[in-house]
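> sequence plus predicted model, see below.
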Amino acid sequence: MLAQLVFSGLAMGSLYALVALGLVLVFKSTNLINFAYGQMAMLSTFFGYTLLDRFGFSYGVAFVGALAFSAVLSIAVQQILRPAKSGSAVIVATLALYMIFSAVAGMIWGWDAHSFPSVFTGEPLIVFDIVASQSNLFNLSVTIGLMVLMYVFFRFTKTGVAMRALSQNDTAARLMGISVDRMFILTWAFSGILGAVAGFLVAPTTFLDTNMMSVLLLKAFAAAVLGGFTSYPGVVIGGLTLGVMENLVAGYISMDLKDTFAFILLIAVLYVRPEGIMGKPIRILGRKQQEEHLPFDSSAPGLSNIRKLLLIAAAILFPIIFKDNTYVLYFACLVGIYMIVAIGLNFLIGYTGQISLGHAALFAIGAYSSALLTLNVGMPFWLALVASGFIAGLAGLLLGLAALRLSGLYLAIATLGLGEAMPQILLKWDSVTNGYNGLKPARPSFGPLVLDNEFKFYFLVAAVLLIVIMVTNNLLRSRVGRALIATRDSDAGAEAMGIPLARYRTLAFVISAFFTGIAGSLYAHIVGFISPSDFNSWMSLIFLCMVFVGGVASLPGAMLGAAFMTAAPQLFVGSKSMSGILFGGVLLIIILFFPKGLAGIYQVVADALARLFRVPSASKQVKGART
Amino acid sequence: MSTPALLEIENMSISFGGVKAVDGLSLKVEQGTIAGLIGPNGAGKTTVFNCVARYYHPQEGRIRFDGKDLLAARPHQVLPHGIARTFQNMELFRSMTVQDNLLIGQHTQIPVGFWSAAFSLPGARAQEAEARRRASEVMERFGLAQFAHAQVSSLPYGTQKMVEFGRALVSRPRLILLDEPAAGLNPSETKGLTELIRDLRDRDGITVLLVEHDMGLVRRTCDEIYVMDFGRRIAHGTPDEISRNPRVIEAYLGKQEEEHAAA
């Protein structure tokens, strides 16, 4: 049994290694990390499938066709990413591509799973009691073959050596007469080919669908991190180790734990030894360019009192006008809840420059805490609302402490892992969470006052949102907010000013998690039903989009982003593909060309209008609105 | 002198990967004086600064400030001791305004807790107003008042240098470490800077330790000069003594200038 588990673990692990190699290849030469990599492989596999299934080409032709397609796609992605100015912009841009590719595949091939033929259907080989299916053997030999090929290429060919030189110092490589652009294109093409090979090998075992690579990609990240992101042999060892270990867990402990194990291992490795088994520590993600942030002024005049009153009046009038339209009111509640999340996430991304791809997990913690506290403990709603903020805040504290050891890329991977693991944990822990069947939290109530319709929900959400906005505004205009932003702008400078970096970076996580937890609690009681699948990685990506689309480090930006991201899909009800393409497309355009988001665009337009009409005070008020 | 020096570095050594950046260095900066630390590029001057600012931890030796062991402090605890600094490449908070930079300079002196900040309680507001008043005072002095609400990254280089200067001063430190304050300034700006540095000593009673390549500035400001080469102290004395010292002349003229190394 042991030998069998090890063997099939190696076969699976070799696929993780293959995908991880593709990621690391690009990372080492261009310092970019491609979160769309799995979806690119998925698209290429679908392309091969079409050649095979629709046009009746032979397996070999389809395979080569898919590799060529993947190489071209990969080069296209490289070109698209060129305007990205910073490490986080690349991460977000590839996430946008992830959304677009998923949606495109769904549109062309549908969201259902297709079965993918395997080349080998013959009898398995049996050696010393190990049943080795032909496809397992094929996977292993292809992977090993590719690795040998890569070794020879990098070691002995002129191009390979040039690529290695490039990954160490691109300026020096350029001076040595290496055409950097050509090398980058070559690297990406090669990485694309590796991805397509992995896709072809995986598809027969898992079925072919738009999501087939996402778990694999995460495991490849885990493998890459385990082995060390910067070392090719390390990555291969990491992939094989992960494959064997998770198979052993599945075989000896529980099948259910298999996937969760990989994520827990990932987070554990990141915590204990972020540089992995064989890698070297990575300090800087991407070239450390001076990132442009929205100007910040802690003493900018806020909105004038008249404008404040107008806004509050509008917020009160709105539900009265739509009193009978429960759909609009319910929708407004959701917008308000997501605004709270976006403001919270902005604390992290906007004001301290730390990224989180797993905020849905904190949202889930808030929602489940509140539901369980009211249902099982009988806590009153208002107390559960606050308590769920604190529970999520505690989770944020732990995450923040872990984040101190991780920066940029690693933090993105760790939070992504957490986001993936959370729905699974909620599912498996069904004695408490009721698993698939979910929970039905009661309507929000304050003593005898039960909020039982959308009209009343609206005022609850509006009140909480108002408090969140006020607290955020106060914090940002105080020494706390300034210190947070100082850690983002210059860590050496901040320390020299007596600001403890660790404390403030962790604090940003706690505040962010607290707001997200409160929003989760509101969500649970207003929607009235929660289940693990609500809180998936897609939700985390949407949260991320809200911040980036709205405008990083801008309070109105976060709110605009939340409203946009919640409203836009209403235009395409029923079409998952269209909303995916729309979201991804808007996000991509904004991150590449309008890094200041909707708030930035609004500011430009408002300033232009102010100039046009020569209103001297207008630009001042716009400035105030940005803080 | 009977009273102990304000800053005392004793026999300090630090090496990076086998290269001794600072090798058995000792120096003293007396209260109320301006001391210069000079030497060719790569001599280890900035490394000394970074040890005092606690970014680096020397493998040997001691650093005492006002009689207290500074090596026990973490980087963010250096300013509360009364030591402020500027950076060779300026570490300003670029997206923020001049005023905010000066307010962050007072971070450790605004005793406002998280909750009173979050709810903008009256105590917090009073502290904030006081900090703003102090910031305006410093902006007035450095000719920055007109830029109070300008984003730092939009200002000319020389003005940014003044902002960093003001940010170091705003917390009323006892010792200021200036890392190449004149780098990138034109002659007339340098002249103004010379006055400012003297003012720190004569008007504010602040002790200064500066690293500088502009010998004119060093001669006109420093009471005492320490010369470093290859991580060692090769000379110490008044500006006049140093300009006649044959070892110093050799260190500067006897070899070619290297690129910025560890310094």
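Thanks, I have the structure now. Numbers count the residues shown, from 1 in each chain, chains lettered A, B, ... in the order given.
> tell me how far the residue in chain B that chain A sits nearest to lies from residue A:494.
Using Cβ to the nearest Cβ, residue B:91 is the residue of chain B that sits closest to chain A, at 3.2 Å. From N, CA and C alone the C-beta is placed, and that goes for glycine too. Counting by Cβ to Cβ, to the nearest Å, the separation of residue B:91 from residue A:494 is 8 Å.
> any idea of the mean pLDDT in the longest helix anywhere in chain A?
With secondary structure taken from DSSP state H, chain A has its longest helix at helix A:2-30. On average, the pLDDT along helix A:2-30 is 85.
> name the helices or strands packed onto it?
helix A:37-53, strand A:130-132, helix A:134-156, helix A:158-168, helix A:180-206, helix A:212-227, helix A:232-252 (3 or more Cβ pairs under 8 Å, 6 or more residues apart in numbering or on different chains; DSSP states H and E).
> do a quick rundown of the strands in the stretch 151-263 of chain B.
In the stretch 151-263 of chain B, strands defined by DSSP state E, counting those that start in this stretch lie at B:175-179, B:207-211, B:224-229, B:232-237, listed in chain order.
> reformat those strands as CSV; add mean pLDDT.
Rendered in CSV, the data for the strands of the stretch 151-263 of chain B read as follows (pLDDT from 0 to 100):
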stretch, mean pLDDT
strand B:175-179, 94
strand B:207-211, 94
strand B:224-229, 92
strand B:232-237, 91
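> residue contacts, residue B:234?
Residue B:234 makes contact with B:39, B:227, B:228, B:247, B:248, B:251 under the criterion Cβ atoms under 8 Å, 6 or more residues apart in numbering or on different chains.
> let's see that with 6 Å instead.
B:227, B:247 (Cβ atoms under 6 Å, 6 or more residues apart in numbering or on different chains).
> ok now the helix or strand that contains residue A:546, how far from the chain's centre?
Taking DSSP states H and E as the definition, one finds residue A:546 inside helix A:537-550. The chain centre lies 8 Å from the centre of helix A:537-550; the measure is Cα atoms, centre = their mean, to the nearest Å.
> quick check: buried residues in it?
Counting neighbours by 16 or more other Cβ atoms under 10 Å in any protein chain shown, one finds that the buried residues in helix A:537-550 are A:537-550.
> for it, which outside residues touch it?
With Cβ under 6 Å, 6+ apart as the test, helix A:537-550 has contacts from A:92, A:95, A:341-342, A:345-346, A:349, A:357-360, A:419-420, A:557-558, A:560-562, A:564-565, A:587, A:590-591, A:597-598.
> filter those residues down to the ones in helices?
Short answer: these in helices (DSSP H) are A:92, A:95, A:341-342, A:345-346, A:359-360, A:419-420, A:557-558, A:560-562, A:564-565, A:587, A:590-591, A:597-598.
> interface residues of the stretch 1-150 of chain B facing chain A?
Within the stretch 1-150 of chain B, the positions adjacent to chain A are B:75-76, B:79-80, B:85, B:91, B:93-97, B:100, B:103-105, B:107-108, B:110, B:112, B:117-118, B:120, B:149 by Cβ under 6 Å from any Cβ of the partner chain.
> for chain B, tell me which of the contacts of helix A:537-550 show up nearby.
Counting by Cβ under 6 Å from any Cβ, no member of the contacts of helix A:537-550 is near chain B.
> leaving out chain neighbours, which residue sits closest to the closest residue to chain B within the stretch 351-500 of chain A?
The stretch 351-500 of chain A approaches chain B most closely through residue A:493 (3.2 Å), counting by Cβ to the nearest Cβ. Closest residue to residue A:493 apart from its sequence neighbours, by Cβ to Cβ, 6 or more residues apart in numbering or on different chains: residue B:91 at 3.2 Å.
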